[in-house]
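1. Give me a 3D structure for the following:
(one chain, ligands or ions: 2)
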Amino acid sequence: MKIKAIGALSAAQALEPMDISRREPGPHDVQIAIAYCGVCHSDVHQARAEWAGTLFPCVPGHEIVGRVAAVGSDVTGYKEGDLVGVGCIVDSCKHCEDCEEGLENYCDHMVGTYNGPTADAPGHTLGGYSQQIVVHERYVLRIKHPEDQLAAVAPLLCAGITTYSPLRHWQVGPGKKVGVVGIGGLGHMGIKIAHAMGAHVVAFTTSESKREAAKALGADEVVVSRNPEEMQAHTKSFDFILNTVAAPHNLDAFTALLKRDGTMTLVGAPATPHPSPEVFSLIMKRRSIAGSMIGGIPETQEMLDFCAEHGIVADIEMIRADEINEAWERMIKGDVKYRFVIDSATLAE
Ligand code: NAP
Ligand code: ZN
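-> Ligands and ions are numbered 1, 2, ... in the order given. Next up is the predicted model:
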């Protein structure tokens, strides 16, 4: 089927409207009419070839929500009309150790929602800045939030799970002091989720203007990381720090804030490396620097259910499809509170 999308023809070009095709649903496929798609900083990194290996045309978008439009003959979990989501993963090998544990995100053959290998035209996957998507049922998520929150649920499919997964893995909860660095799309979800898990949450921002806003999101304290005295006051006090910053920066300023045995986990994926961290800062307190990538499918469902139960959605600014280039520029400047979401109905206009 032919549908409308917005994408880039090269790294140097702005996004533009284009027609793309989707496969007819196979026996295990779910065809989804996309209602909204969130705008992740990864979309920019990929389409502008800031990361290696971008394939063009590039249609980004991996925070997809909508309604089931059709299902294949063997699909049992979903039916027409169901409210569903698709995140960053649309396929994987399904039988390795990672897939068997529900950690498809770490499968060596994981297929991303865009820029991944596929038999479908044009030979790589095309994402959610489009009207429809066809996905194997294993990678489809069920949405239990009230329908009027659907647009604000979209960012949970990447920003939500990318912060939920490490917060769970490093056992954040009551009695733990947790830092969230970078209050953008991921960071604002990290604050909301860590707060709901019962932790004492400290937000780190470079933007003085976000000081009050971060408290409204659920932060117990806010530190403007450009102020050395404010940073100093938290020396050796954190159990865990989640770093979502999209640009290279000095990591030592944050590892110095970890207690003995504390961990800072990096989820931000900048185009160029951070300066090498100071080894002595790690050795002296048995501190760790770790990484984490999105989350598996069962954990993504768990996160959606957790957020539905706790009334958590993203803070969004809705845009029309033809406002996407301006939205990217604003996101790069940190001028969004806190996630742009495309109203997919405007793709038809
Ligand atoms: P975003 O909305 O642009 O937020 C990033 C935030 O980082 C900004 O709002 C800003 O927060 C801070 N920041 C940006 N530039 C900075 C700089 N030069 N120095 C210090 N702080 C800076 O981006 P996002 O969508 O949340 O994504 C964040 C990063 O995570 C991106 O690199 C993205 O590709 C990556 N990502 C990784 C995964 C994964 O699986 N690991 C998944 C999704 C996204 P303040 O204004 O508060 O300082
Ligand atoms: Zn993302």
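2. OK, contacts around the residue in the stretch 151-300 of the chain positioned nearest to ligand 1?
-> As assessed by C-beta to the nearest ligand atom, ligand 1 sits closest to Gly184 within the stretch 151-300 of the chain, at 1.8 Å. C-beta: built from backbone N, CA, C; applies to glycine. Contact analysis of Gly184 by C-beta atoms under 8 Å, 6 or more residues apart in numbering lists 41, 244, 246, 331, 334, 336, 338.
3. how about the residues of the stretch 151-300 of the chain near ligand 1?
-> Within the stretch 151-300 of the chain, the positions near ligand 1 by C-beta under 6 Å from any ligand atom are 158-159, 162, 182-187, 205-207, 210, 244-247, 249, 267-270, 293-294.
4. Which among those residues count as buried?
-> Buried members of these, scored by 16 or more other C-beta atoms under 10 Å, are 158-159, 162, 182-187, 205, 207, 210, 244-246, 249, 267-270, 294.
5. and the nearest residue to Arg23 once chain neighbours are set aside, how many residues sit next to it?
-> Nearest in space to Arg23, with sequence neighbours left out and distances taken as C-beta to C-beta, 6 or more residues apart in numbering, is Asp120 at 5.0 Å. By other C-beta atoms under 10 Å, the residues close to Asp120 number 14.
6. Now do the same contact list for Asp120.
-> Counting by C-beta under 8 Å, 6+ apart, Asp120 makes contact with 21-23.
7. Which strand or helix spans it?
-> For Asp120, there is no helix or strand it lies in under DSSP states H and E.
8. how much space between the closest residue to Pro17 other than its chain neighbours and Val134?
-> Distances taken as C-beta to C-beta, 6+ apart put Ile6 closest to Pro17, at 5.6 Å, once the chain neighbours are dropped. According to C-beta to C-beta, to the nearest Å, Ile6 stands 18 Å off from Val134.
9. Have a look at these two and say which one is more surrounded.
-> A side-by-side neighbour count of Ile6 and Val134, using other C-beta under 10 Å, places Ile6 first with 23 against 20.
10. before we move on, back to that, ligand 2: which of the contacts of Asp120 is nearest?
-> Among the contacts of Asp120, Arg22 lies closest to ligand 2 (C-beta to the ion), at 21.0 Å.
11. What about the closest one, how many residues nearby?
-> Neighbours of Arg22 (other C-beta under 10 Å): 21.
12. Got the phi and psi for it?
-> Per-residue torsions, Arg22: phi -120, psi 150 (degrees, to the nearest 10).
13. could you give the mean pLDDT of the helix or strand encompassing Arg211?
-> Applying DSSP H and E as the criterion places Arg211 in helix 211-217. The pLDDT scores in helix 211-217 average 95.
14. Quick one: distance of that helix to the chain centre.
-> Here the centre of helix 211-217 is set off from its chain's centre by 20 Å, with C-alpha atoms, centre = their mean, to the nearest Å.
15. tell me which residues of it are tucked away?
-> For helix 211-217, by 16+ other C-beta under 10 Å, it's 213-214, 217.
16. any idea which of these is the one closest to ligand 2?
-> Set against ligand 2, the nearest of the buried residues of helix 211-217 by C-beta to the ion is Leu217 (18.8 Å).
17. Enumerate every residue touching that closest one.
-> Residues near Leu217 by C-beta under 8 Å, 6+ apart: 183, 188, 191-192, 195, 203, 315.
18. How about Gly291?
-> Residues near Gly291 by C-beta under 8 Å, 6+ apart: 265-267.
19. okay, it: pLDDT?
-> Confidence at Gly291, expressed as pLDDT, is 98.
20. Look up the residues forming beta bridges with it.
-> Leu266 (DSSP bridges).
21. Leu242: what secondary structure?
-> Look at Leu242: counting by DSSP: H, G, I helix; E, B strand; the rest coil, its state is strand.
22. That one against Val181, yeah?
-> Yes - Leu242 lies in contact with Val181 (C-beta atoms under 8 Å); the separation is 6.9 Å.
23. Mutual contacts of the two, please.
-> Applying C-beta under 8 Å, 6+ apart, one finds that Leu242 and Val181 are jointly contacted by Gly187.
24. More neighbours: which of those two?
-> Leu242 (30 against 27).
25. ok, that one to Ala194 distance?
-> Applying C-beta to C-beta, the value for Leu242 to Ala194 is 8 Å.
26. who touches both of those two?
-> Taking C-beta under 8 Å, 6+ apart as the contact rule, Leu242 and Ala194 both touch 163, 167, 178, 180.
27. out of those, which is most surrounded?
-> Most surrounded of these: other C-beta under 10 Å gives Val180, at 32 neighbours.
28. Isn't that residue up against Ala194?
-> Yes - applying C-beta under 8 Å as the test, Val180 and Ala194 come out as touching, 6.5 Å apart.
29. Between the two, which contacts overlap?
-> Common neighbours of Val180 and Ala194 (C-beta under 8 Å, 6+ apart) are 163, 201, 242.
30. Output the below-cut-off pLDDT ranges for the stretch 151-300 of the chain.
-> Under the criterion pLDDT under 70, no range of the stretch 151-300 of the chain is flagged.
31. So which residues of it form strands?
-> 177-181, 200-205, 221-224, 238-243, 258-266, 288-291 (DSSP state E, counting those that start in this stretch).
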